[in-house]
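Q: how would this look folded up:
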Amino acid sequence: MDFFIASAMAQDAAAGEGSMLGAFLPLILIVVIFWFLLIRPQMKRNKEHRELVAGLSVGDEVVTAGGLLGRITQVGESFVTVDLADGISVKIQKQSVSQVVPKGTFDSAS
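A: Predicted structure coming up:
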């Protein structure tokens, strides 16, 4: 009789280890899916934006996060001055520049 009880306890212990792996497997799978679908692409976009901001120079034509199109006239450490039209310029944070557009875009839009 003791043999059957010891054997049953050994089976329960082995089954407990397998169910623990089975319980964590979906959680691990969800983390991996989130990494590839959400976190990794966002990190890539952030890196590209940091490189864009670091590469801003006088004469670049840019679009701001607010949708303003202009040409950079001054570049500071954290701010740039953008000409929007003749005699109209604004000072904005570098981080608010969303994209650099091809040369001539500013002139054709005026």
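
Q: tell me where this protein has helices.
A: Counting by DSSP state H, the segments of the chain that form helices are 2-34, 40-54, 105-109.

Q: okay, now the domains of the chain?
A: What automatic domain parsing lists as the domains of the chain is 1-54, 57-109.

Q: as JSON lines, those with mean neighbour count and mean pLDDT would be great.
A: The way it works is simple: take the backbone N, C-alpha and C, and place the C-beta from them, glycine included. Compiled in JSON lines, the domains of the chain are given as follows (neighbours: other C-beta atoms under 10 Å; pLDDT from 0 to 100):
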{"stretch": "domain 1-54", "mean neighbour count": "10", "mean pLDDT": "79"}
{"stretch": "domain 57-109", "mean neighbour count": "14", "mean pLDDT": "93"}
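
Q: starting at the chain centroid, how far to stretch 103-110?
A: 29 Å (C-alpha atoms, centre = their mean, to the nearest Å).

Q: I misspoke; the intended subject was stretch 93-110.
A: Put simply, stretch 93-110 sits 22 Å off its chain's centre (C-alpha atoms, centre = their mean).
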